[in-house]
Structures are given as structure tokens and as C-alpha cells.
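Chemist: Prediction below, plus the sequence it came from.
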Amino acid sequence: MLPGRLAAAVAEELGHAVGGARRLGGGDINEAWALELEDGSRAFLKTRPDAPGGEYAGEAAGLAWLAEPGALPVARVLGVRDQRAPRFLALEWIEEGRLDPAGQEALGRGLAALHAAGAPAFGGDAPLRLGPLTLPNEPLADWASFYARRRLEPLLRGAVDRGALPAGVARAVERVCGRLPELAGPPEPPARIHGDLWSGNVLAGADGRPWLIDPAAYGGHREMDLAMLALFASPSPRTLAAYAEVAPPAPGHEDRVALWQLFPLLVHAVLFGGVYGASAERIAVRYAG
């Protein structure tokens, strides 16, 4: 059962008592719960004892920002308690299924429309939170500078401090940062991106439609989302074809996929160590020149 203090806080925030709760597996950072509320509705709850203030409010704001264009279904926020413990984020319950062919195509078209909704700049109004990590997010004028100074360089320092990357690999990443103006491809305007769009953050509804969950949203390069989709699994060819019909990728995008994957691999190296540092090393050496 849900701990009593947490159940009371959820009831206060949502306006309905918790009638039942079931712990869910799969989360690497947060605890996840399926809730049955006394009004007969259901909810998904994420929480953890050491969550800092601002994390769940930031995620709620990111969900709202992604939902704003109406391009793709986005999990609706039912309540967020962020300024005092126990902290949590409560979302509408989405009954899971599998993406059918129409859903795979809808993901591609919807993602293209989401990116086209744009962002004011490369970056955002608040620091980017990825679990216990906080990264600078102050806007910069061009994507190459932003990717180097707001993504790779801060993560590089954290990875070296934790011993996740040897000094030689760190130097290779530094060389990649120096080469980004020539590696980043043709200039593009800031896109409205999910920011952590690996396959696990695309939830298939029971009706076969795609839903976006767990964002780390900011103004970025649209190829970041596409690269994330390909990091731990292969996206459906239907998804990629539907995306390309609406918004053809820029020339040379295939050669940049691993470059954009360097960021999430460094995140994983800092958080989890293991094989992620070796994967980041292979990519850094490839692009270091």
C-alpha cells in the first residue's frame, strides 16, 4: 500500500482519497505507483524521497508545453506537489497497448508537427533536470554552441569527476565540442523537442495511439529526438517515413545520429556507469577528428 503520509498528500492535492495502490516496476530513478481513487478514476504517480524542489513542477510544465500544439497525445497532469515533502507528480492513467501501423505513422507525423511548433530559443527558462542531474539551460544563439556548452561540457565534467570516463576520452569529447560548428549540419531554427525521447518514453495506448511521457523538454535541434528514438531500439520505418513526409531531415542527418546520441550516453555514464562510458568513448573518438 501507499505510505500513509504520501496517500494523505495525494488525496489533498487531487481532491479524492486513494482507495488502492499498486507499486509498478521499471523506473530507474523514481518510484512509480498505479492508484485507484475513491471516485472510481485511476492515476499514475511518480515520487521519490530525495526529489528536489522544482523537479516535478518542471516536468509538469514540460508536459503542458508539449501538449500545447496538439500535435501528439501527452499525459495530462492531475496534480503536482513540489515544494514540500512528500513530493510527487500525478498523471492521468493511460491503459497500455501496442502501437499499430496507424499509430506508428501518427508518431512520425505528430513529432514533425511538434518540432515545427518551435521554441523561442535554443534552451529554456529553467535548468534541465534529468533525475538527480541538473544541467544549465540558458539560451544561446546557435545549436552548435548550445550543444557544446550546455550539454556536453557540463556532463563531461561530471563524468570525469565520477571516474566514468578516462582522461583520454575526456579529451576526445573536448575535441568534438571544438568541431561542432562543422559537425552540426545546416542551421535550423529551434524546435520544440521532448528531450528524452527514447522508446520507453513513447507509451502506446490501448487504442494503438502514441502518448508522450517523461519529457526533458526545451528548445533544441529536432534531430535530437530522432537520434534518441534510435538509441536503445530501432524506430519503425513507418514512423521515420511519416516524419520525412512532413518534415524531411536535413542532408547528412544519418551521419549525425551518433553525434546527438553522445549526450544521452554521457548522461547514462554519469548516472549508471558501466558500458555507457565505453559507448560514449567510441562516438567521441569517431567525431573527434
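Modeler: Right, received. Where do you want to start? Residues are numbered from 1 along each chain as shown.
Chemist: hang on, residue 81 packs against residue 57?
Modeler: No: applying Cβ atoms under 8 Å, one finds residue 81 not in contact with residue 57, separated by 9.2 Å. Every C-beta, even on glycine, is put in place using the N, C-alpha and C of the backbone.
Chemist: buried stuff in the helix or strand hosting residue 285?
Modeler: Secondary structure from DSSP states H and E places residue 285 in helix 275-288. Neighbour-count burial for helix 275-288 flags 276-277, 279-281, 283-284, 287-288 (criterion: 16 or more other Cβ atoms under 10 Å).
Chemist: And for stretch 42-50?
Modeler: 43-48.
Chemist: ok, now stretch 70-83?
Modeler: 71-75, 77-82.
Chemist: Which of the residues you listed sits closest to residue 142?
Modeler: residue 71 (25.0 Å; Cβ to Cβ).
Chemist: Quick one: residues contacting that closest one.
Modeler: 110-111, 113-114, 117 (Cβ atoms under 8 Å, 6 or more residues apart in numbering).
Chemist: what's near enough to touch residue 144?
Modeler: Contacts of residue 144 by Cβ under 8 Å, 6+ apart are 180-181, 183-184.
Chemist: and with 6 Å instead?
Modeler: For residue 144, the contacting residues are 180-181, 184, by Cβ atoms under 6 Å, 6 or more residues apart in numbering.
Chemist: Neighbour-wise, which one of the residues you listed leads?
Modeler: Of all those, residue 184 has the most neighbours under the rule other Cβ atoms under 10 Å, reaching 21 neighbours.
Chemist: Just read off the phi/psi values of it.
Modeler: phi -80, psi -10 (degrees, to the nearest 10).
Chemist: go on, the one 4 residues further on?
Modeler: Main-chain dihedrals, residue 188, degrees, to the nearest 10: phi -140, psi 150.
Chemist: Can you tell me how far it is from residue 38?
Modeler: According to Cβ to Cβ, to the nearest Å, residue 188 stands 49 Å off from residue 38.
Chemist: Also residue 63?
Modeler: For residue 63 relative to residue 38 (Cβ to Cβ), the value is 25 Å.
Chemist: In terms of neighbours, single out the busier of those two.
Modeler: residue 63 (23 against 11).
Chemist: Model confidence score at that one, please.
Modeler: If you check residue 63, the pLDDT there is 98.
Chemist: chain center to the helix or strand containing it, what's the gap?
Modeler: Using DSSP H and E, residue 63 sits in helix 55-67. Averaged C-alpha coordinates place helix 55-67 at 11 Å from its chain's average position (Cα atoms, centre = their mean, to the nearest Å).
Chemist: Could you do stretch 84-91 as well?
Modeler: That offset, for stretch 84-91, works out to 19 Å (Cα atoms, centre = their mean).
Chemist: Pull out the buried residues from it.
Modeler: 86-91.
Chemist: which residues does residue 202 contact?
Modeler: Counted by Cβ under 6 Å, 6+ apart, residue 202 has contacts residue 210.
Chemist: Wait, a strand at residue 256?
Modeler: No: counting by DSSP: H, G, I helix; E, B strand; the rest coil, residue 256 is not part of a strand but helix.
Chemist: List the contacts of the residue most central in space within the chain.
Modeler: The chain has residue 196 as the residue nearest its centroid, 2.0 Å off, counting by Cα atoms, centre = their mean. Neighbouring residues of residue 196 by Cβ under 6 Å, 6+ apart: residue 216.
Chemist: For my notes, confirm it occurs in a strand.
Modeler: No: Residue 196 is assigned coil when assessed by three-state DSSP, not a strand.
Chemist: thinking again about what came up before, just the buried residues from the contacts of residue 71, in PyMOL please.
Modeler: Only the buried entries of the contacts of residue 71 go into this PyMOL selection, using 16+ other Cβ under 10 Å:
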select buried, resi 110+111+113+114
